[in-house]
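A.B. asks: Sequence and computational prediction follow.
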Amino acid sequence: MDKQQPRGPRAIAEVLDKLIVLAESDAMASFVTLARAAGLDPARDFVGASLRDMDFRGEDLRGCNFSRADLTGSDFRRANLTGVRFDDAVLTGAIGLSIPPASSESQASRRFGSLVAEADKTEIVLPLLHFTSTYEFREIVDTEVLAPARSADYPGEELLYLFYGRPSYRMKEERTSLTWKMPVCLVIRPEALGIPKRIFPFDSGAFKRGLARDVLHPAMAIDDFALSPSIETAGKFVNLFYGSNRNYFEGRIRDTKIGAQGDFEADAYQQIRNSRNPDDRMLAIEVQLAHAVRIPDAVMAVIVPSELLEAPSVAEKLKKWDIDILTYDGAPDLSHDSQAINHILGDYFAKKGFFRAASFGGWFSFIILNGISRRRFASYPRSRLMGFSEAP
């Protein structure tokens, strides 16, 4: 028997149209009944889903897999949870569970994480960025997957590192004319990610190597700066510490004090701009994933050296993906976080409206960041239900 292929975000959004029709016709239908009637598989189609504020009271949830799902504020009282999986799920504020709270909840309860959690949501959510070399990109093109790899900073874990809306990449060589050593940047739609494993307001590797140590207290640990693992939190952080997406992209931290007296982590972050050894990697929000991302479902653009398009297999696959292809020419200076592509990326974001302050962005954020509540289920359009990632 052929193995069933996992559903991508678009396929799940389409099948959820059926749920809306069923919810309108039967107001008493249970969550599981609606899901199964629409052809969803509870063992796989809720992995990485955004299911905030769901009412699961009294539900028979046996066989459901909520791994990496965002279940913030959901109610599980009297639900049958036999065999239900909650691996790496976000359970902040969830009630009716007898399982230990996820590690993300303890991170969010820290002083710094709580300060960010209380900030205003962003109106326009930025894409995620993944950097690699042209040589490694060839394999990514062949497999159509961004896969986690063994992490040097987290022994025993395989992680995929992304950065929220701002480049953070440093190559070992300052300049090269060799195409296979040149950088490639993949621009990823945030709604296609699922639930992150961790989020930090800076490059975790740069922190562990002591960058900006002159403004950080020696006792400050990286987990003191951990943020609640959701893309919504990254947007809140940008609002709080930068005031706008453009300021964040250009590394302009707010001068006015953030937080109360004694919020030393916030004070230290603001002082990064005054470090004697400034480094842009300390100003890029890092998003760690413990799962793979399929290119056709997630990537909206790619920035590559123009020479790469002369490779027929690469050019053909990029065309098949139907994404924006941006190129740069010549031998880039790689000594400053791949500045060769920073200007291209900034122009692209501006053209796509990611630096805009218009209020329409509030609806964009609403579409991709908020979950479904059965109590409000039938009133939302299909695009409201796009908070799903593909099962592993």
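C.D. replies: Looks like it came in fine.

A.B. asks: What segments of this structure are strands?
C.D. replies: Residue ranges of the strands in the chain, as given by DSSP state E, are 128-133, 145-146, 149-150, 158-164, 183-188, 198-200, 286-289, 293-294, 299-305, 324-328.

A.B. asks: Which of those sits closest to Pro42?
C.D. replies: Closest approach to Pro42 among the strands of the chain is made by strand 293-294 (21.3 Å; CB to CB). Every residue, glycine included, has its C-beta placed from N, CA and C.

A.B. asks: what is the mean pLDDT for the closest one?
C.D. replies: Over the span of strand 293-294, the pLDDT mean works out to 90.

A.B. asks: Show me what that strand is packed up against.
C.D. replies: Identification of packing neighbours for strand 293-294 by 3 or more CB pairs under 8 Å, 6 or more residues apart in numbering; DSSP states H and E yields strand 145-146.

A.B. asks: so where's this protein shaky on pLDDT?
C.D. replies: Across the chain, the ranges flagged by pLDDT under 70 are 1-29, 98-110, 170-177, 330-340, 357-392.

A.B. asks: separation between Ile140 and Asp224?
C.D. replies: Counting by CB to CB, to the nearest Å, the gap from Ile140 to Asp224 is 34 Å.

A.B. asks: Kindly tell me how buried Leu34 is, as a neighbour count.
C.D. replies: 20 (other CB atoms under 10 Å).

A.B. asks: so how far is Ala219 from it?
C.D. replies: If you measure Leu34 against Ala219 using CB to CB, the figure is 50 Å.

A.B. asks: Val293 now?
C.D. replies: When distances are taken as CB to CB, Val293 and Ala219 turn out to be 36 Å apart.

A.B. asks: Counting neighbours, go ahead and name the busier of the two.
C.D. replies: More neighbours sit around Val293 than around the other of Val293 and Ala219, counting by other CB under 10 Å; the figures are 24 against 6.

A.B. asks: Pretty sure that one sits against Pro190.
C.D. replies: No. Taking contact to mean CB atoms under 8 Å, the distance of 11.3 Å between Val293 and Pro190 leaves them out of contact.

A.B. asks: returning to that earlier point: got a markdown table for the strands of the chain, with distance to Arg246 too?
C.D. replies: Formatted as a markdown table, the entries for the strands of the chain read as follows, by distance: least, CB to CB, whole Å:
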| stretch | distance to Arg246 |
| --- | --- |
| strand 128-133 | 16 |
| strand 145-146 | 27 |
| strand 149-150 | 32 |
| strand 158-164 | 14 |
| strand 183-188 | 17 |
| strand 198-200 | 21 |
| strand 286-289 | 20 |
| strand 293-294 | 26 |
| strand 299-305 | 18 |
| strand 324-328 | 19 |
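
A.B. asks: Of those, which is nearest Ala69?
C.D. replies: Counting by CB to CB, Ala69 lies closest to strand 286-289 out of those; the figure is 14.2 Å.

A.B. asks: Output the contacting helices and strands for the closest one.
C.D. replies: Taking 3+ CB pairs under 8 Å, 6+ apart as the contact definition, the neighbouring helices and strands of strand 286-289 are strand 158-164, strand 198-200.
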